[in-house]
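Colleague: sequence and computational prediction follow.
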Amino acid sequence: MPDRPGPYAAILRFMSGNPKFRIAEPDLSSKAKRTDGMRDLSALVPPAVATPEDFAEYDRVASEGERTDPDNAYFPVLRAAGLYANHRDREAVSAILRAGTKTHWNDYAMDDGRAAFQLDEFRGISHFSLTRLSQITKVYFPHIMALYAVARMTVGEAATAEHRGYAAQGIAMRHAQMRYGSLMRSQSDAGISGPLVGEAVINMAMGRLGGEAMVKLNSKRSQEERNSMRKTAYLAYLHRLGHNHEARWVRAELSAGHRLHEILNEALYQDTLRQDAGVLIALIIYAELVLSNVLVLLILGGVAYLTMRYRPEKNLTLPRVALFLVIVLCLYRWQGHVLFPPVQPATFCGYSSDLTSTLYSAGFEEPPWIPRAMVLYDSIDGTYKFSSTWSLLSMFVPGLTVLGLMLASCLLRVPIAGGILRGMRGFAVPLACGLAFTYCCLIIVASVYNNRINARLDGTAHHEGRYLADMVGKSWPGL
């Protein structure tokens, strides 16, 4: 394996999310009672099914990751997850205390998204934002639950130490947890999830003061009021024990957490990524429909021109039959069976991009500006599918033109077939040119939205939190 931390971080991220490395947690609703510093196994849910070899491999990966990136708190924290799962609590606490001395946090979570972007650049399609959006929404963070479990276990260890009278040890564990939570909040590479988990880890560190049971606060109070009560209680606890310097540091961290929520609330309200993606999808679909109408008009116009050059002496039976067959052929084509690739899943401007997965990954329940009869949502498999209405709309203008020529032929008392052929020969190219101009306008507007989404995705791949902070004109906490 390369001597770089990224691969180790990725392996550790997915290993920590494996159910067999699940941390068996004690019942925190009862007061901490321990005799040997380890967990009371009678209070545990069934233990993990990982073998000793599995735990050894997990610990080896975490150790190698910490070796390649020694100042990164991510590796000792995830190593503690494996140690807790293996019931090696004392070693896990040592890893947490070590994590509290690190200088930065990097989980390398967005390396997958950046690698996908680089692959698109190699393929020459890096500028198509919907493909990039679909890729970046498929970046998973399976280690999140392990981080929560590690935080709960560490608080339990701190509560146990405090209950036995070792308050300084308990506060040291809480400080280490809040320290790496602060690093995670300001530097995590896991989108918005990372900073929010870091903030949650900090808040969890203030629970079970002195070894008390986990108390459910009054649910009638708002979340802000309950958080405020927890913070006030912890600060009073620190002052009572004489840790005034720690209390000042904690107060600064809580203030940074408040700024984090302000930034996210304001930025997510202003962020238009979903709306822009929906508009872009609608623009591309309508552009394809317009282009389909252009092609049908040109086909019918060409057939009409060629048919009019052949002048039968007696009747127009052959032109009538030819026009009928062409219309049937066009309808058959737009059902997706001849001449061109099928429209389901759709292709965007020649790029092989699945509309259904792009929409679903972006979190849309209904595409905006798109008739429900044209794109149907399948709630069973969570995909969007084109209906037969697409085929009708793809030749809406030619059909409307033929209908208008039929009515005009009846009003002018000329043969319908002849009127349609003459009309299509004269009007097909001008109508196609008008629709082609409309198509160009739609593509220009779509490119504007495409560039806007690309800028948003570039910011997400670099650091989503800092991008959102810059968007609202504020500084990201911890920088």
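Modeller: All right, it came through fine.

Colleague: count of residues packed around the nearest residue to Arg466 once chain neighbours are set aside?
Modeller: Spatial nearest neighbour of Arg466, chain neighbours left out: Trp476 (4.7 Å); criterion: C-beta to C-beta, 6 or more residues apart in numbering. For glycine as for every other residue, the C-beta is placed from the backbone atoms N, C-alpha and C. Residues lying near Trp476 (other C-beta atoms under 10 Å) number 20.

Colleague: got it, and Thr401?
Modeller: Look at Thr401: counted by other C-beta under 10 Å, it has 22 neighbours.

Colleague: shouldn't Tyr8 be in contact with Thr68?
Modeller: Yes - using C-beta atoms under 8 Å, Tyr8 makes contact with Thr68 at a distance of 6.5 Å.

Colleague: about what we covered before: find the helix or strand that the residue nearest to Arg466 is a member of.
Modeller: Under the criterion DSSP states H and E, no helix or strand holds Trp476.

Colleague: surely it meets Ser186?
Modeller: Yes - assessed by C-beta under 8 Å, Trp476 is found in contact with Ser186 at 6.5 Å.

Colleague: related to what we said a few turns ago, could you check the pLDDT of the residue nearest to Arg466?
Modeller: Trp476 is assigned a predicted lDDT (pLDDT) of 87.

Colleague: which ones are touching it?
Modeller: Counting by C-beta atoms under 8 Å, 6 or more residues apart in numbering, Trp476 touches Ser186, Ile263, His463, Gly465, Arg466, Ala469.

Colleague: same check, this time on Phe141
Modeller: Counting by C-beta under 8 Å, 6+ apart, Phe141 touches Arg13, Ala109, Ala190, Gly191, Ser193, Gly194.

Colleague: the closest residue in space to the fifth one that isn't next to it in sequence: what secondary structure?
Modeller: So the one you mean is Ser193. The shortest distance from Ser193 to any non-neighbouring residue, by C-beta to C-beta, 6+ apart, is to Phe141 (5.5 Å). Phe141 falls in the coil class when you classify it by DSSP: H, G, I helix; E, B strand; the rest coil.

Colleague: per-residue pLDDT, Phe141?
Modeller: 86.

Colleague: do the same with the one 3 residues further on
Modeller: Reported pLDDT at Ile144 in the predicted model: 90.

Colleague: right, and it touches Val197 too?
Modeller: Yes - with contact defined as C-beta under 8 Å, Ile144 counts as touching Val197 (5.8 Å).

Colleague: identify the contacts common to the two.
Modeller: Contacts common to Ile144 and Val197, judged by C-beta under 8 Å, 6+ apart, are Ala190.

Colleague: so, low pLDDT: which residues of the stretch 201-350 of the chain?
Modeller: Within the stretch 201-350 of the chain, the segments meeting pLDDT under 70 span 211-221, 223, 310-350.

Colleague: farthest pair in the contacts of Phe141?
Modeller: Spanning the widest gap among these are Arg13 and Gly191, at 13.3 Å by C-beta to C-beta.

Colleague: anything in contact with each of those two?
Modeller: Residues touching both Arg13 and Gly191 (C-beta under 8 Å, 6+ apart): Ala109, Phe141.

Colleague: on contacts alone, who are the packing partners of whichever strand or helix holds Ala149?
Modeller: Per DSSP H and E: Ala149 is located in helix 144-163. The helices and strands touching helix 144-163, judged by 3 or more C-beta pairs under 8 Å, 6 or more residues apart in numbering; DSSP states H and E, are helix 74-85, helix 89-99, helix 167-187, helix 193-204.

Colleague: of those, which approaches Lys231 most closely?
Modeller: Per C-beta to C-beta, nearest to Lys231 of those: helix 193-204, 8.0 Å.

Colleague: one step back: measure the residue nearest to Arg466 to Ala85 for me?
Modeller: As judged by C-beta to C-beta, to the nearest Å, Trp476 and Ala85 stand 33 Å apart.

Colleague: next: Gly194.
Modeller: To Ala85, Gly194 is 22 Å away according to C-beta to C-beta.

Colleague: can you give me phi and psi for the residue nearest to Arg466?
Modeller: Main-chain dihedrals, Trp476, degrees, to the nearest 10: phi -70, psi 130.
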